[in-house]
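Novice: turn this into a model:
(one chain, ligands or ions: 1)
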Amino acid sequence: MVKNKKDEQLEQFRVDDRNQKMTTNQGVKVSEDEFSLKAGLRGPTLLEDFHFREKMTHFDHERIPERVVHARGFAAHGEFELYESMERYTKASFLCDTSIKTPVFVRFSTVVGSRGSAETVRDVRGFATKFYTQEGNYDLVGNNIPVFFIQDAIKFPDLVHAIKPEPHNEIPQASSAHDTFWDFLVNNQEASHMVMWLMSDRAIPRSFRMMEGFGVHSFRFVNEQGVAHFVKFHWKPLLGAHSLVWDEAQKISGKDPDFHRRDLYDAIEKGDFAEYELGVQILAEEDEFTFDFDVLDATKIWPEEDVPVKLIGKMTLNRNVDNVFAETEQVAFHAGNVVPGIDFTNDPLLQGRLFSYTDTQLIRLGGPNFHELPINRPVCPFNNNQRDGYGRMTINKGPVSYHKNSLADNTPATSSAEEGGFEHYQEKIEGRKIRNRSDSFRDHFSQATLFWNSMSDAEKTHITDAFIFEVGKVKSQSVKQQVVDTIANINVDLAKVIADSIGTKPPTGNGSDVTKASPALSQENMVKKPNTRKVGVIASRAGDMNELQNTVQELKEAMLNVEIISDKLGSIGELPIDHTFLTTDPVLFDAIFVASMSEDKKFKKESDRYVMEAFNHFKAIGASSSATAILVGKEGSPGVVNSGEGTAFVDAVTAHRHWTREV
Ligand code: HDE
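Specialist: Sure thing, here's the model as predicted:
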């Protein structure tokens, strides 16, 4: 069933090869696809074998360059619906008319790792959305962290060189835990705020479905009257934002490097669509200078307590792609793709991005016609005088390909603003050409401290441990010392604990006097729901079948996803066993419930391993009355539940993690 205008467009390009005859790319039917054409049964292969040549040539050229950053990604289709008209602020029609459902395509990604790297590494996540609006494509190319490492785009190549694997040995893959990244931080301290986020739980999300998204820069909304407001964009997941535990994340990298894409793909296939609300923080132009930071500085947030986030619509990701290469790999996002009503600011990071995205697609997608690829095409008409180039698909008719002309009545014609033409916001600019930055960009630590102050105790522990892990891996004693001294500007006690663990001198410096906190920054304060949480139910064939059936039923009714684990595949009564102890792992579940035990020694050992690992990762653990022996030594610990305690197990799963548990 075709779902929306974008889907209708894609449908024209879909091909189902099933039940078709095999042909060459010229349409000639192929008679033999097992053996190349040879001169004699044991003779050399002949050059005239056009089928062999074509098949091999195409294969030889199957790969394209991976994205220079955000190479590892996964995407899905969906729709955006508006709650209320934003016409007071913007004339973008998809944000004014609540009857419009806008098709969207969203690609999530890690930043540093190469295309085949693991997904649960410590990293920023890309959250790029293409809105196929009736006025053209609007791309909100954001991240899951609201600030960035640098303030000026000219530093981006340096940042990426520093964080990618070191060039002399290409180690480590998909990780910031190495000398050059930390050397970059201490010599470019504008990264301090972002590094606090990177060391926090935000950098190891539980799921793409449980992750916030941010446009990062200040953009502009412009309304019909030409009045502009600054705006920051947010995506708020309906399931709340939640994270893995670092030890767990590292183990998942080995057990299931596809953990995040599998989670999203499976959820969509099951009908558990990923949902996010679009939020905007809006600031009048005359309030530009009311903060102790510069609104053009991408290393700063606008605290939600100071500028509330207004939720204006909902995005639902409801369809997996048909072909990852054709759609996810070939999609070309660009921070510069805007529609009338949305405009840029002078944020020097944003300004540089406006150049980089088209430039990178030219090498990655091989020429200037990538906008014609099915996934990139707008759903509204597009006509201009651009012509030719590699891979051109459009057949432009007629002799005229220039403006102005009389032979085609001066068409394609430009449009006035009233007719929907994009007119850039007429911001007044004055100044000298200068290579420098404003003094208002020079405070690199206050918001890093604000972030630290806003964390719960558990989150602070995780950040501390992450610093010790990462900086502890740095080989240069000098860089380690400089990191400790830099952190002291954020919080001196944090710096002291790190110093003590990584063998440096205690920090010099007096710390920060910022006492402000922003509760909205802590994931502990986010909504928590049981929906789609994955429970591994351990069951033995020898156990009570009815009890198992009832348990599974109850958990499913509470919206949890249940998978049964036993020593062998097969079924228990009517219930199929999903995994053996070996084909899955406790790190791949949100909670473990032991429904029944077996006398078998190996079964017991494996069950103990599952329960212990879940316990160490602060997950909910439950056991039926016949299996409580497995909980010995853990009873009374937060999130450890005996059956017979009503909905306690479901509540324990809903709580996400039980950080006060002593492990
Ligand atoms: Fe990107 N970024 N970026 N970036 N970025 C790319 O474009 C760049 C920045 C983001 O799923 C590249 O098509 C510069 C901030 C996402 O396809 C490249 C600067 C934010 C994605 C590029 C930044 C982002 C990219 C590489 C500093 C959050 C993946 C491949 C001025 C607001 C999109 C590509 C996808 C990808 C350049 C900083 C988000 C090279 C120069 C800040 C989500 O063009």
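Novice: need phi/psi at residue 184.
Specialist: phi -60, psi -50 (degrees, to the nearest 10).
Novice: count the residues that sit near residue 110.
Specialist: The number of residues packed near residue 110 is 25, by other Cβ atoms under 10 Å. To be clear about C-beta, it is placed using only N, CA and C from the backbone, and glycine gets the same treatment.
Novice: I'd assumed residue 122 was in contact with it.
Specialist: No: using Cβ atoms under 8 Å, residue 110 makes no contact with residue 122, being 9.5 Å away.
Novice: contact partners for the closest residue to residue 22 other than its chain neighbours?
Specialist: The shortest distance from residue 22 to any non-neighbouring residue, by Cβ to Cβ, 6 or more residues apart in numbering, is to residue 30 (4.5 Å). Residues near residue 30 by Cβ atoms under 8 Å, 6 or more residues apart in numbering: 22-24, 51.
Novice: buried subset of these?
Specialist: By neighbour count, with 16 or more other Cβ atoms under 10 Å, the contacts of residue 30 hold residue 51 as buried.
Novice: mind listing what residue 284 touches?
Specialist: Applying Cβ under 8 Å, 6+ apart, we find residue 284 in contact with 229-230.
Novice: against the ligand, how distant is it?
Specialist: 23 Å (Cβ to the nearest ligand atom, to the nearest Å).
Novice: and that residue, what are its phi and psi?
Specialist: Taking degrees, to the nearest 10 as the convention, residue 284 sits at phi -70, psi 150.
Novice: which pLDDT value goes with it?
Specialist: Residue 284 is assigned a pLDDT of 98 by the prediction.
Novice: for beta bridges, what are the partners of it?
Specialist: residue 229 (DSSP bridges).
Novice: residues touching the residue of the chain found nearest the ligand, list them.
Specialist: Nearest residue of the chain to the ligand (Cβ to the nearest ligand atom) works out as residue 126 at 2.8 Å. Residue 126 makes contacts with 70, 73, 107-111, 141-144, as judged by Cβ under 8 Å, 6+ apart.
Novice: switch the cut-off to 6 Å
Specialist: For residue 126, the contacting residues are 70, 109, 143, by Cβ atoms under 6 Å, 6 or more residues apart in numbering.
Novice: beta partners for it?
Specialist: Beta-bridge pairing for residue 126 (DSSP bridges): residue 109, residue 143.
Novice: could you check the pLDDT of it?
Specialist: For residue 126, pLDDT reads 99.
Novice: ok, now how distant is it from residue 338?
Specialist: Applying Cβ to Cβ, to the nearest Å, the value for residue 126 to residue 338 is 19 Å.
Novice: mind listing the strands for the stretch 151-300 of the chain?
Specialist: All strands of the stretch 151-300 of the chain, identified by DSSP state E, counting those that start in this stretch, fall at 213-214, 219-222, 228-237, 274-284.
Novice: which non-adjacent residue is nearest residue 264?
Specialist: Residue 264's closest residue in space is residue 208 (Cβ to Cβ, 6+ apart), at 5.0 Å.
Novice: what about that neighbour, how many neighbours?
Specialist: 28.
Novice: surely it and residue 265 touch.
Specialist: No: using Cβ atoms under 6 Å, residue 208 is not in contact with residue 265, being 10.1 Å away.
Novice: circling back: from the contacts of residue 30, which is closest to residue 530?
Specialist: Within the contacts of residue 30, proximity to residue 530 (Cβ to Cβ) peaks at residue 22, which comes in at 48.9 Å.
Novice: what distance do you get for the residue lying closest to residue 519 once chain neighbours are set aside to residue 278?
Specialist: Distances taken as Cβ to Cβ, 6+ apart put residue 525 closest to residue 519, at 5.5 Å, once the chain neighbours are dropped. Distance, residue 525 to residue 278, using Cβ to Cβ: 20 Å.
Novice: more neighbours: these two, which one.
Specialist: Neighbours were counted for residue 525 and for residue 278 using other Cβ under 10 Å; residue 278 has more, 25 against 12.
Novice: quick one on the thing from earlier: most tightly packed of the strands of the stretch 151-300 of the chain?
Specialist: Greatest average neighbour count among these goes to strand 213-214 (a mean of 24), per mean count of other Cβ atoms under 10 Å.
Novice: look up how far residue 61 lies from residue 522.
Specialist: Per Cβ to Cβ, residue 522 is found 49 Å from residue 61.
Novice: brain fart, residue 276
Specialist: 37 Å.
Novice: residue 223 now?
Specialist: To residue 61, residue 223 is 48 Å away according to Cβ to Cβ.
Novice: for residue 248, give me its contacts.
Specialist: Counted by Cβ under 6 Å, 6+ apart, residue 248 has contacts 587, 617.
Novice: let me know the pLDDT of it.
Specialist: Residue-level pLDDT assigned to residue 248 equals 98.
Novice: and what of the one 5 residues further on?
Specialist: Looking at residue 253, its pLDDT stands at 98.
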